[in-house]
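Chemist: Below is the sequence, then the predicted model.
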Amino acid sequence: MQPIRVAQFGLGPIGIESIKYLATKPWAQIIGGIDIDPLKQEQSLGRLTGISSLDDVSVYASFGDLCEHAKPDVVLHTAGSSVTRSIEQIMPMVQAGACVASTCEPLLYPWLTAPLASAELDAACMNAEVSVVGTGVNPGFVMDLLPVVMTGVSTRIDCIKATRVVDATTRRGPLQKKIGSGLDPDVFQALFQEGKAGHAGFCESAALLAHSMGWHVTADDIVETLEPVVADKPIKTEYVTVEVGQTRGLHQMVKVMYQGQLVIDLDLTMALCEENPHDTVTVKGAPELTLTFPNGVPGDQATVASLINAVPRLVRSTPGLRLMTELACPIHDKVNILGGNHYIMPAHQTVG
């Protein structure tokens, strides 16, 4: 089986870590990186990642420049949270015959806010016989895919509730800034109302849950709110400084009503120095199920894992703009799973 040729679009913290993890996969051949930063274009992926085997792999200014030298089977897209901008970036990749796995949060369920652009991208995927998916840890796993999987052992679903508490002190610099660290609470609240702040993709998590459960809801049924979390003591991290009275994070909630009942209840707190980080998912119904991860799922590491581990399933999926719930179950693999070999043999057989 030929390796999957992979290019990395966006060489920020998540993009760099994605390359490092991808380099451990025997099924992957890393053929190039893409970034608008001229300083990164002057360096090899080996120099940027510290992986000597990538010393001869170049960084290009655009996807078009990369395609002049090598044709990817898959592009890893880690370049922002705007669904419209991301679809614009992804469309040429699809038209060139590449599958795309993206960490753009709204791409988890892009039909919610960009139905026309999503339909165009889906049609382009069908025409080129490739697939696109939005994935990550949240959205992409903790508050959407995981609850959907849990419902597989239910005979009745009344309500899905997911709570995530994150100590943002442990997270990368861009996220610490994204949660409003150091801003006046009123300013941060105003930015949220303008759609310029807050956790992106939260409503899309709710939309994916509703879609999976067959609850026909509209955007008006999905209610999202945000409250700044205010510092009561000075905080200083490697990336930000927060004074008393300034924002140190966010408390964001999404609730969905269906036929007069609360059916989805998502609650997210991401803040510097937040105590008792954890993830809890509860499926209310028959039976009632609760699953808790003490300390929570590590966001940056898990995002990278989700992105890379989705690739083999993505290239084998039905062409189109896909949902994470439509791909085969993503798993961590140490071997070339595309070969279809069975590595656990029946007791009466021997290996070798």
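Modeler: Yes, it's here.
Chemist: drop to CA atoms for contacts and neighbour counts, all remaining ones
Modeler: OK.
Chemist: In contact with Tyr60, which residues?
Modeler: Gly32, Gly33, Ile34, Asp35, Gln41, Leu66 (Cα atoms under 8 Å, 6 or more residues apart in numbering).
Chemist: out of these, who's nearest Arg248?
Modeler: Using Cα to Cα, Asp35 comes nearest to Arg248 of those, at 30.4 Å.
Chemist: Filter the contacts of Tyr60 down to the ones in helices?
Modeler: Using DSSP state H, Gln41, Leu66 are the members of the contacts of Tyr60 that sit in helices.
Chemist: and which of the contacts of Tyr60 is nearest Phe188?
Modeler: Set against Phe188, the nearest of the contacts of Tyr60 by Cα to Cα is Asp35 (29.3 Å).
Chemist: burial count for the closest one?
Modeler: Look at Asp35: counted by other Cα atoms under 10 Å, it has 20 neighbours.
Chemist: Could you do Ala114 as well?
Modeler: By the measure other Cα under 10 Å, the count of residues near Ala114 is 15.
Chemist: what's the domain layout of the chain?
Modeler: As given by automatic domain parsing, the domain ranges for the chain are 4-137+302-339, 145-296.
Chemist: Include pLDDT and distance to Ser102 when you put the contacts of Tyr60 into CSV, please.
Modeler: Listed next are these as CSV, based on pLDDT from 0 to 100; distance: Cα to Cα, whole Å:
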residue, pLDDT, distance to Ser102
Gly32, 98, 16
Gly33, 98, 15
Ile34, 99, 14
Asp35, 98, 15
Gln41, 96, 21
Leu66, 98, 18
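Chemist: send the alpha carbons of stretch 263-280 over as PDB?
Modeler: What follows is stretch 263-280, C-alpha atoms only, in PDB (Å, rounded to 0.1, in the frame of the first residue of the first chain):
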ATOM      1  CA  VAL A 263     -32.800  18.400  25.100                       C
ATOM      2  CA  ILE A 264     -29.200  19.700  24.900                       C
ATOM      3  CA  ASP A 265     -27.300  21.500  27.700                       C
ATOM      4  CA  LEU A 266     -23.700  22.300  27.100                       C
ATOM      5  CA  ASP A 267     -21.600  24.200  29.700                       C
ATOM      6  CA  LEU A 268     -18.000  25.300  29.100                       C
ATOM      7  CA  THR A 269     -15.700  27.100  31.500                       C
ATOM      8  CA  MET A 270     -12.200  28.000  30.200                       C
ATOM      9  CA  ALA A 271     -10.200  30.300  32.400                       C
ATOM     10  CA  LEU A 272      -6.800  30.900  33.700                       C
ATOM     11  CA  CYS A 273      -6.100  29.200  37.100                       C
ATOM     12  CA  GLU A 274      -9.500  27.500  37.000                       C
ATOM     13  CA  GLU A 275      -9.800  24.800  39.700                       C
ATOM     14  CA  ASN A 276     -11.100  21.300  39.300                       C
ATOM     15  CA  PRO A 277     -10.700  20.900  35.500                       C
ATOM     16  CA  HIS A 278     -12.800  18.000  34.200                       C
ATOM     17  CA  ASP A 279     -15.100  16.800  31.500                       C
ATOM     18  CA  THR A 280     -18.500  15.200  32.300                       C
END
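Chemist: List the buried residues in that stretch.
Modeler: Within stretch 263-280, the residues that count as buried by 16 or more other Cα atoms under 10 Å are 263-274, 277-280.
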